[in-house]
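Peer 1: sequence-free structure coming up:
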């Protein structure tokens, strides 16, 4: 009897040990899966809305070429993103899919705007951007979504090529032409150079040297000097990007950009008279003499630099993409060519976003 009790005790111990080992392995597998999910999606991006099915009538009207367009949509600038997408959609027969990057508190507002207006036939995905990914890489910046362009392969994981556009643009031609911009071998992106024949005619007051690297980077810093980049090198505008996502991933562009963002927090590498967006300097470093060029008519910019009109009506009409970069946005109180932008604006059905117009303009419009 005592021998039998000993055998039962040994069996119980063996079962307990087996269960403990099994539990440990299960926890290890769980941790592994968590790591896999985290590594696969470092932004914490959550697809909120998926691409709606295209009605057969619209599918027949549009060709099979799928074009991925990434745009950021913050709540205070949401009307800009809406107008940009509307202008793109109405100028192409291509199968455009919008990847709209926003913050969680904007999702419901954006969804209502898209589903309850003439935009209901757009194909889109809403992505919730986790700003924690920028911790340690930027100082206080209210426009965190502007850095979404650094993470294009994560935003459009299954595409080989994508377009990024700022929310203050209007497209006046077929986006397929921009998508077909040729990129040289080894180049991960194409931008519009600041020294092209169009933007070179525009002087932007108070912005330092707007057209070359010294306007964006502090060449007094040793870290910048060691890069041996010529200070008079022509800069480019990152408000419109055509990206080869395969090359972007191969060259680990996102990690390179994050490296320079973090270094700037410590060493203050950007120019104090920063000419333009805080997103531009790291892009200039990473893509120094390693980017292709976009047709300048696909980024006619500085429309928001002053309230005055710097281009002729004929030229504005001929531009393929108009860009209101600068302080004077077309949905604001004072802006040049606001009437051109307003053609593509779709009023907010919730009434939360409204155009700000001067009293005189509102009176004249009556």
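Peer 2: Ah, there it is. Just so it is clear, the model here is predicted, and its values are computed rather than measured.
Peer 1: switch to C-alpha atoms for all contacts and neighbour counts from now on
Peer 2: Will do.
Peer 1: can you pull the contacts of the most centrally placed residue in the chain?
Peer 2: Centroid check for the chain by Cα atoms, centre = their mean gives residue 149 as the closest residue, at 3.4 Å. Residues in contact with residue 149, defined by Cα atoms under 8 Å, 6 or more residues apart in numbering, are 70, 164.
Peer 1: swap in residue 161?
Peer 2: Residue 161 touches 68, 242-246, counting by Cα under 8 Å, 6+ apart.
Peer 1: Also residue 240?
Peer 2: So residue 240 contacts 163-166, 191-192, 299 (Cα under 8 Å, 6+ apart).
Peer 1: most surrounded residue in these?
Peer 2: Counting by other Cα atoms under 10 Å, residue 299 has the largest number of neighbours within the contacts of residue 240, with 28 neighbours.
Peer 1: so it touches residue 321, yeah?
Peer 2: Yes: counting by Cα atoms under 8 Å, residue 299 touches residue 321, with 5.3 Å between them.
Peer 1: follow-up on the earlier one: may I see the contacts of residue 161 organised as CSV, with distance to residue 335 and pLDDT added?
Peer 2: Listed next are those as CSV, based on distance: Cα to Cα, whole Å; pLDDT from 0 to 100:
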residue, distance to residue 335, pLDDT
68, 29, 98
242, 27, 98
243, 30, 98
244, 34, 98
245, 35, 98
246, 38, 98
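Peer 1: These in strands, which ones?
Peer 2: Using DSSP state E, 68, 242-244 are the members of the contacts of residue 161 that sit in strands.
Peer 1: and of the residues you listed, the nearest to residue 348?
Peer 2: residue 68 (24.6 Å; Cα to Cα).
Peer 1: quick one: the closest one from residue 132, how far?
Peer 2: 25 Å (Cα to Cα, to the nearest Å).
Peer 1: So those two - more neighbours on which side?
Peer 2: Neighbours per residue (other Cα under 10 Å) separate residue 68 from residue 132, with residue 68 holding more: 22 against 11.
Peer 1: so who does the more buried one touch?
Peer 2: 96-99, 156, 159, 161-163.
Peer 1: what about this protein, any weak spots by pLDDT?
Peer 2: Counting by pLDDT under 70, the ranges of the chain that qualify are 1-11, 13-63, 141-142, 197-210, 274-276, 358-366.
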